[in-house]
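Student: sequence plus predicted model, see below.
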Amino acid sequence: MSGGAARTSVVYDPASSLTAPSFLACDQLAPAVLIDLDPAGGTFSPAHAGGAAPGLSDALVALRGAGLVVLWATDLPVTLAPEVYRSLRASGLDAEGTDRLLLNRTNDERKELRKRAAARDYCIVAVAGDTRGDFAELYDYLRDPAAAAALEPRFGAGWFLVPPALAAN
């Protein structure tokens, strides 16, 4: 991430086409990783949050030590921010309480819009989630998944399909 070369994030630019996708620019922004907390087909529940995925706490400590900001995304409303922070602290995923949350500010705000807003403040260099829709919401609407074939090289190269960060109790 050093060397002065122009950087792009791993946030899909919806103005681009599926056959020639592009990603949002972020030259001088602080680098960040985004982790989606919502399980496939549902919304994260702080009241039912269990333990952290094995190795994740140590990996996050290393990323923070390298200067990356950690962003947590969920479809929960901002009114539940204290509960989300408590879950992250209790699990050891954000023991210092320094990470940022991307929560709903209005009932109709989409996670994709919050991700793009965060990409104006941070260079999101990696996203971890458990469904393809966590990386680009267009996956949730495709009738033919093959239409997004040009996006597939991102998986393992900035987009990481992983188990949920916090297991459900």
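Tutor: Sure thing, it's come through. Numbers count the residues shown, from 1 in each chain.

Student: give me phi/psi at residue 145?
Tutor: Main-chain dihedrals, residue 145, degrees, to the nearest 10: phi -60, psi -20.

Student: any idea how far the nearest residue to it once chain neighbours are set aside is from residue 13?
Tutor: Once flanking residues are discounted, residue 145 sits nearest to residue 139: 7.4 Å by Cβ to Cβ, 6 or more residues apart in numbering. For glycine as for every other residue, the C-beta is placed from the backbone atoms N, C-alpha and C. Per Cβ to Cβ, to the nearest Å, residue 139 is found 15 Å from residue 13.

Student: return the residues in contact with residue 116.
Tutor: Contact analysis of residue 116 by Cβ atoms under 8 Å, 6 or more residues apart in numbering lists 11, 14, 24.

Student: residue ranges with poor pLDDT in this structure?
Tutor: 1-6 (pLDDT under 70).

Student: let's see it at 50
Tutor: For the chain, the stretches flagged by pLDDT under 50 are 1.

Student: tell me the secondary structure for the residue nearest the centre of it?
Tutor: The centre of the chain sits closest to residue 34, judged by Cα atoms, centre = their mean, with a distance of 2.9 Å. Under DSSP: H, G, I helix; E, B strand; the rest coil, residue 34 falls in the strand class.
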